[in-house]
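*Asks:* Curious how this folds, go ahead:
(2 chains)
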Amino acid sequence: MELRFNDVSKDFAGTHAVDGISYAMGKGIYGLLGINGAGKTTLMRMLCTIIQPTGGEITWNSSNIFKLGAAYRDILGYLPQDFGYYPDLSVYDYMMYIASIKGLRMAEARERIKELLGQVGLLKYRKRKMKELSGGMARRAGIAQAMLNNPQILVLDEPTAGLDPNERIRFRNLISELSEDRLVLLSTHIVSDIEYIANEIMLMKDGKLFYTGTSEELISSMEDSVWHCTVPKQEADGYLERYLVGNIKTTAWGAELRILSKNPPTKDAVRQAATLEDVFLFYYGEKAGDKDDVSM
Amino acid sequence: MCFCSIMVRKRVIKMMFRCEWKKILSKKINRIMICAAAVLAVVFSCFAIGSVRYVDKNGALHTGIAAARKLSADRNRWEGDLTAEKFAEIVKSKQKLAKKNPQGIPDDAYGKMIQSYGDIESFVINVVLNDAEYNENVLYQMTEKQSKELYATYKENMQKMAGEYGETPEQVEFLKKQYRKIKMPLSYQAKDSWDTMETYVETYGIVLAVIIGFLASGIFAEEFRTKADSVFFAAKYGRSKAVKNKAAAGMLMTTAVYWGGMAILTLVSLGVMGVSGFRTLYQIDQPYSMYVMTYGQYYLLMLVCGYIASLFAASLSMLVSAKMHSRNIAAGIPFFLYCLMPFIGRMFSSVTVVFRLVPDVLFNIMANVKNLTVFQIGSIVFRQIPAVMLLYTVLSVLLLPLVYRSYCRYGLRPR
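*Replies:* Numbers count the residues shown, from 1 in each chain, chains lettered A, B, ... in the order given. Predicted coordinates for the structure are as follows:
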């Protein structure tokens, strides 16, 4: 089981949405982390054969996925970022329709729908129209449809977008549950979505994968670079301009700052254990005073 | 093993098809449109029934449910072969009445006699006048001998018509061949219900085509409107069978809506007015028409032409919505084809032959069966209506692979 990007790129009117990505994936959960506009959705849409790369190729077990066509899509489940559905169909009819275009037989589809709707907690809402579902429920219906064909590759594009914290936790657990024996690629710009469940994290920016590794590896790359210090309130703005600040807490004694820096920002700064959120801030964050690069 | 796999595939397609139908019918606007088509069929039937006028022996005008049956019963006094004696009797009767009432024939006289032979009287006038404008005076100048020799005049004029309208020897021979199909003496039975239905079938057909176009345009635009395209195209059959299935659902929807609507219109209208005249030759009304058919066949021809026009509207709407990923323009195509095109076509039909082959011909059979429009390719001569029928049937079918291709290739561009 190997899904491989070979120098994949995609241009839209002269803009490199995806720029020469090469990477291989096997079983497990892969978290694709990046800010909005990094190229995550474009990469995923190519992976789901919705759009074709401008250059390079994507292969599944050494065969080009676009040449594999229906055989590849047969092992694919996809929950798009902008999950659209047929609003006037009931949850059950919607699932039946998707089951039919995924090639499931009637009896098989019925069984699978019952099982999946139960798993995502929508069984009692099966007769409700899709348009009457809440955002979280619709997302759960989305993941259920993606799982209908019991896919070997499950692609989830920002699956937790717009969900409240409770729904987000439920969703995360659900993905973790469903990930067994398959390749799950999950894109997000919310670090906590993947921090604990992803086996491997890919950081994407300007259409490129610039860092990949496990959560621990990424965090360890940030060791000795996270500091906690308390500064007078009136000096806080100056720190915001000079450093990447992960957190500010105003107290009676001043402003408590969590700063990313190779050197201690103050004499009494205390070194802190890094988190994945710090990594995200390090690569994608901006200081109050600049727009581009981060200098440490 | 192979048989089992085929059966499984068939079941999957059946399920897909059923789901596609559910998708179409789940939309409120689509259900409203289908209901509107059914209601309009009843409304048009009421208009048709209400348009029949019957004058009784006392000169009183009757309309409504009973009028059509009474009119048929009155006219069926002349049912059977139209012999030379019958023509002479009618001509004589009309001349006598006109002489007696120089200021105009009174209503009671019309109800007693003239109404019953109105169809035959106009047949006589049309035969004698040949290609000239309708003029009732010709009847008052006819002698008994001329009346009795009406079929001879008819045959003679057919030759003239063929010579006049046939631009090549092949076309002349073709027209003569068509005329030879007319069996004389003509047999008569009152055909008012069919006559009445002409206008309503064609108008209602246009309404149906517009509704069908609207419904069909949504089939391929739905995924883009609802942003369900990503899930659709990432599914196993999202670029193959599911697309074919959509096109098939469009065609079946067209068939069901069209024939369902027409069935209501026909059953209600003819159920009330009766089917007298089913076997009456259309030439009773248009003696020199080259379409030799009974009124029953004429009605069927209008229905079939309307169906072809609806299929074409559906195919074209599906193609445009598949290409543009929106129903906005696609839904207006039937309106353009069948409501606006006739005006454009009429302006240019004498200038270019292409406008005699536009699809609105299919909804204007009533006018086109009267025309002696023939086309010739090499030595093959053919009539306008069959040519248009064949052309748009073929086009309706040929557009489907284009619909399929443009939809299933979405997002995939040659590199």
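*Asks:* Get me the contact residues on the stretch 201-350 of chain B for chain A.
*Replies:* B:222-223, B:226-242 (CB under 8 Å from any CB of the partner chain). Yep, even glycine has a C-beta here, placed from its N, CA and C like the rest.
*Asks:* And the residue nearest the centre of chain B?
*Replies:* Nearest residue to the geometric centre of chain B (CA atoms, centre = their mean): B:M302, 2.2 Å.
*Asks:* same question, chain A
*Replies:* A:S187 (1.8 Å).
*Asks:* The host helix or strand of that one and chain B in contact?
*Replies:* Using DSSP states H and E, A:S187 maps to strand A:183-188. No - when contact is scored as CB under 8 Å from any CB, no part of strand A:183-188 falls within range of chain B; the minimum is 12.9 Å.
*Asks:* Point out where the stretch 101-250 of chain B drops to low pLDDT.
*Replies:* Regions of the stretch 101-250 of chain B meeting the criterion pLDDT under 70 are absent.
*Asks:* now swap in chain A and tell me
*Replies:* A:286-296.
*Asks:* Tell me which residue in it sits closest to chain B.
*Replies:* Relative to chain B, the nearest point of chain A is A:G84 (2.8 Å; CB to the nearest CB).
*Asks:* Report how many residues lie close to whatever residue of chain B ends up closest to chain A.
*Replies:* Going by CB to the nearest CB, chain A is nearest to B:K227 of chain B, at 2.8 Å. Neighbourhood size, B:K227 [other CB atoms under 10 Å in any protein chain shown]: 14.
*Asks:* before we move on, what about A:A252?
*Replies:* The number of residues near A:A252, taken as other CB under 10 Å, comes to 5.
*Asks:* I'd assumed A:T160 was in contact with the residue nearest to the centre of chain A.
*Replies:* No - taking contacts as CB atoms under 8 Å, A:S187 lies outside contact range of A:T160: 10.4 Å.
*Asks:* hmm, back to that, gap between the helix or strand following the strand holding A:S187 and the chain center?
*Replies:* Remark: after strand A:183-188, the chain's next helix or strand is helix A:191-195, criterion DSSP H and E. Here helix A:191-195 shows a centroid-to-chain-centroid distance of 8 Å under the convention CA atoms, centre = their mean, to the nearest Å.
*Asks:* ok, back up a step: backbone phi and psi for the residue nearest to the centre of chain B, please?
*Replies:* Backbone torsions of B:M302, given as degrees, to the nearest 10, read phi -60, psi -40.
*Asks:* related to what we said a few turns ago, just give the nearest non-adjacent residue to the residue of chain A closest to chain B, would you?
*Replies:* Distances taken as CB to CB, 6 or more residues apart in numbering or on different chains put B:K227 closest to A:G84, at 2.8 Å, once the chain neighbours are dropped.
*Asks:* if I look at the one you found, how far off is A:G118?
*Replies:* As for B:K227, its distance to A:G118 is 27 Å (criterion: CB to CB, to the nearest Å).
*Asks:* Restricted to helices, list the residues of the stretch 201-350 of chain B next to chain A.
*Replies:* B:222-223, B:229-233, B:241-242 (DSSP state H).
*Asks:* Can you name the residues of the stretch 51-200 of chain A sitting close to chain B?
*Replies:* So the stretch 51-200 of chain A meets chain B at A:51-52, A:54, A:66, A:69-70, A:73-74, A:76, A:78-80, A:82-89, A:93, A:96-106, A:109, A:142, A:145-146, A:149 (CB under 8 Å from any CB).
*Asks:* Checking B:L398 next. Helix, strand or coil?
*Replies:* helix (DSSP: H, G, I helix; E, B strand; the rest coil).
*Asks:* So among the residues of the stretch 51-200 of chain A next to chain B, which ones count as buried?
*Replies:* Among these, those scoring as buried are A:51-52, A:54, A:66, A:73-74, A:76, A:78-80, A:83-89, A:93, A:96-105, A:109, A:142, A:145-146, A:149 (criterion: 16 or more other CB atoms under 10 Å in any protein chain shown).
*Asks:* when you check those residues against the helices, which ones overlap?
*Replies:* Per DSSP H, the subset of these in helices is A:66, A:73, A:93, A:96-101, A:109, A:142, A:145-146.
*Asks:* can you list the residues you listed in TSV and add distance to B:V52?
*Replies:* Shown next, in TSV, are these (distance: CB to CB, whole Å):
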residue	distance to B:V52
A:F66	65
A:R73	60
A:D93	47
A:M96	50
A:Y97	48
A:I98	54
A:A99	54
A:S100	50
A:I101	52
A:A109	55
A:G142	59
A:Q145	57
A:A146	62
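*Asks:* which pair in the residues you listed spans the largest distance?
*Replies:* Farthest-apart pair in those is A:F66 and A:D93; separation 30.9 Å (CB to CB).
*Asks:* who does the residue nearest to the centre of chain A bridge with?
*Replies:* Bridge pairing for A:S187 (DSSP bridges) gives the partners A:L32, A:D157.
*Asks:* could you measure it against B:L319, distance?
*Replies:* Counting by CB to CB - A:S187 and B:L319 are separated by 35 Å.
*Asks:* One more: B:L71?
*Replies:* Distance from B:L71 to B:L319, by CB to CB: 46 Å.
*Asks:* Would you mind listing what in the stretch 1-150 of chain B touches chain A?
*Replies:* Checking the stretch 1-150 of chain B against chain A by CB under 8 Å from any CB, the hits are B:8, B:11-12, B:15-16, B:18-20, B:22-23, B:26-28.
*Asks:* out of the residues you listed, who's nearest A:T42?
*Replies:* Using CB to CB, the shortest approach to A:T42 within the residues of the stretch 1-150 of chain B next to chain A belongs to B:K23, at 28.7 Å.
*Asks:* if I read this right, that closest one contacts B:F220, doesn't it?
*Replies:* No - with contacts counted by CB under 8 Å, B:K23 stays clear of B:F220, the gap being 11.7 Å.
*Asks:* more neighbours, those two?
*Replies:* With neighbours defined as other CB under 10 Å, B:K23 and B:F220 compare such that B:F220 has more, 28 against 22.
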